[in-house]
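Novice: Let's see this in three dimensions:
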Amino acid sequence: MNDGINLHSPTVIGVIQQETMTAGFSMASEPQTGSLLRTLAATKPSGAFLELGTGTGLSTSWILDGMDQYSTLVSVDSDEQVQAIARRHLDHDPRVSFHLADGATFLESLSGRKFDYIFADTWPGKYDHLADALALLKPGGLYIVDDMRPQANWPSGHDLKVAALIATLEQWSDLTITKLNWATGLIIATKQSCPS
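Specialist: So this is what the prediction gives:
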């Protein structure tokens, strides 16, 4: 089995990838991760989705490709230049709303809302304000993070932050997690109805 072929990428991926490279953005999600995000999105019909870190919209396009017509996706990023690429190619889709905001502030503004699926691909909601993000997750909801394996673009000392995040998620009382040493390294967590 070759997990890198026949991924059936969303049609918009090619042009977003080209503009991502032109912009010099090196933190975009890769195709295997995108394929998994799409498959997991398909498990949440009529779902409420949250993406923390739009980037240029590569992962956004995969998530949208897995969502049904009754689902909605809220995507936030603090970098106007990279998010503009996503907006240019995906803003026509009525299921998605883009927000240009500081991630931590935006998480606070969502207090009281609940989501079926959260993909945390930026610092707020992942390396800081983790409890705020997890508080937004419905029972049975999915919390997904990638880039858990060493990456060439990691700043010095980032490996310690990754290790701390993994250890925290392993001990979180109402999460059931699976760690995947695959693609860039992912963790998929499901919120339990009652802590174990």
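Novice: longest strand in the chain, by residue count?
Specialist: The residue-count maximum for a strand in the chain (DSSP state E) belongs to strand 137-145.
Novice: Is the residue positioned nearest the centre of the chain bridged to anything, and to what?
Specialist: Among the residues of the chain, the one closest to the centroid is residue 119, at 2.5 Å (C-alpha atoms, centre = their mean). Note on residue 119: beta-bridge partners residue 51, residue 144, judged by DSSP bridges.
Novice: confidence score at residue 68?
Specialist: pLDDT for residue 68: 98.
Novice: after the longest strand of the chain, next one along is what?
Specialist: The first helix or strand that comes after strand 137-145 along the chain, using DSSP states H and E, is helix 158-171.
Novice: Please find the angle between the direction vectors of that following helix and strand 137-145.
Specialist: Here helix 158-171 runs at an angle of 150 degrees relative to strand 137-145 (axes from the mean of the first three to the mean of the last three C-alpha atoms, to 10 degrees).
Novice: for helix 158-171, packing partners?
Specialist: strand 175-180, strand 186-191 (3 or more C-beta pairs under 8 Å, 6 or more residues apart in numbering; DSSP states H and E). (C-beta placed from N, C-alpha, C; glycine too.)
Novice: how about the ones you listed in JSON lines, adding distance to residue 115 and mean pLDDT?
Specialist: Conversion of the helices and strands packed on helix 158-171 to JSON lines gives the following (distance: least, C-beta to C-beta, whole Å; pLDDT from 0 to 100):
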{"stretch": "strand 175-180", "distance to residue 115": "15", "mean pLDDT": "98"}
{"stretch": "strand 186-191", "distance to residue 115": "10", "mean pLDDT": "98"}
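Novice: Just put those strands in a markdown table and tack on distance to residue 79 and mean neighbour count.
Specialist: Listed next are these as a markdown table, based on distance: least, C-beta to C-beta, whole Å; neighbours: other C-beta atoms under 10 Å:
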| stretch | distance to residue 79 | mean neighbour count |
| --- | --- | --- |
| strand 175-180 | 27 | 14 |
| strand 186-191 | 23 | 19 |
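Novice: where does the residue nearest to residue 85 when sequence neighbours are not counted land on pLDDT?
Specialist: Taking C-beta to C-beta, 6 or more residues apart in numbering, and ignoring the residues beside it in sequence, residue 85 has residue 56 as its nearest neighbour in space, at 4.1 Å. We have a pLDDT of 95 for residue 56.
Novice: And for residue 27?
Specialist: Looking at residue 27, its pLDDT stands at 70.
Novice: Against residue 8, how distant is it?
Specialist: Distance of residue 27 to residue 8, given as C-beta to C-beta, to the nearest Å: 24 Å.
Novice: between these two, who's got more neighbours?
Specialist: Taking other C-beta atoms under 10 Å, residue 27 and residue 8 do not tie; residue 27 has more neighbours (15 against 8).
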